[in-house]
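A.B. asks: Structure of the sequence below:
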Amino acid sequence: MTKLSVNINKIATLRNARGGNLPNVLQVAIDSERFGADGITVHPRPDERHIRYADVRELKKKITTEFNIEGNPTYEKFVDLVLEVQPDQVTLVPDTLGQLTSDHGWNTLEQQEELKKYIALFKKSGIRTSLFLDPDLTMIEGAAELEVDRIELYTEDYAKKYALGFREKAIAPYLQAAQRARELGLGLNAGHDLDLENLHFLKKRIPWIDEVSIGHALIVDALYLGLEKTILSYQEALK
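C.D. replies: Predicted structure coming up:
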């Protein structure tokens, strides 16, 4: 079964735009679980422009499903937060300061020594560790050498080509990457620009995906459909 982890960053963005505590990030996370989400994802950035470090600490106290924290381990503050909070999973993403959203994966060859250090640190604390990667076989093979638990395939290119009607062209490199990851014993996550239009085809062609993390599209859909119906619709797409 592929798990659905709901990324609630956009909820925090909306709250921060006005100040105060509406919408309530913690309550949205609790309700998302109640409506059928298998996990909650957050991506705290150094400038705390959406999810704040204090949110992460409060969420850990209340979440009953899986908790996934994304971020760049080269920021010491992020590493300290993850080790303190002890989520079920940490997803390492090579974001830069001020970056609007994640837009590329790690280079597991050029950044091998750096990544090896952080992966070992998190795994020593019992935290499952995932690396955000492009669908590049060389990078996936490099990830296996680092003994990371999972990889998360960066699916923006898949989503763009799918939207243009090139479904087979869109899925081909991801299917090849997923097969190589499975051969190497790596768990498989996927995320970025997945939505109700493209999710089912991805799951149909790569049924062994462990988890998808979806935020922006899911929250946009919830504006029209409501959060509960939206989460149920995404779970249906994963069947």
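A.B. asks: List the contacts of the residue nearest the centre of the chain.
C.D. replies: By C-alpha atoms, centre = their mean, the mean C-alpha position of the chain lies nearest to Ser213, the distance being 4.2 Å. For Ser213, the contact set (C-beta atoms under 8 Å, 6 or more residues apart in numbering) comprises 5, 7, 41, 68, 70, 91, 152, 189-191. All C-beta spots, glycine's among them, are computed from the backbone N, C-alpha and C.
A.B. asks: excluding its backbone neighbours, what's nearest it?
C.D. replies: Nearest residue to Ser213, sequence neighbours excluded (C-beta to C-beta, 6 or more residues apart in numbering): Gly191, at 3.9 Å.
A.B. asks: which ones among the contacts of Ser213 are found in strands?
C.D. replies: Using DSSP state E, the members of the contacts of Ser213 that fall within strands are 5, 7, 41, 68, 70, 91, 152, 189-191.
A.B. asks: pLDDT weak spots in this protein?
C.D. replies: Residues of the chain meeting the criterion pLDDT under 70: 96-103.
A.B. asks: Strands along that one, start to end?
C.D. replies: Remark: strands assigned in the chain by DSSP E are 3-7, 39-42, 66-71, 89-92, 128-133, 150-154, 187-191, 211-214.
A.B. asks: Let's have those in a markdown table, adding distance to Gln176.
C.D. replies: Written out in a markdown table, the entries for the strands of the chain read as follows (distance: least, C-beta to C-beta, whole Å):
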| stretch | distance to Gln176 |
| --- | --- |
| strand 3-7 | 23 |
| strand 39-42 | 26 |
| strand 66-71 | 25 |
| strand 89-92 | 22 |
| strand 128-133 | 13 |
| strand 150-154 | 11 |
| strand 187-191 | 13 |
| strand 211-214 | 19 |
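A.B. asks: Pro73 versus the residue nearest to Ser213, what's the distance?
C.D. replies: Shown here: Gly191 relative to Pro73, a distance of 18 Å by C-beta to C-beta, to the nearest Å.
A.B. asks: With Glu147 instead?
C.D. replies: Taking C-beta to C-beta, one finds Glu147 at 16 Å from Pro73.
A.B. asks: Compare these two and say which one has the larger neighbour count.
C.D. replies: Summary of the neighbour comparison: Glu147 and Pro73, criterion other C-beta atoms under 10 Å, with Pro73 having more neighbours (20 against 13).
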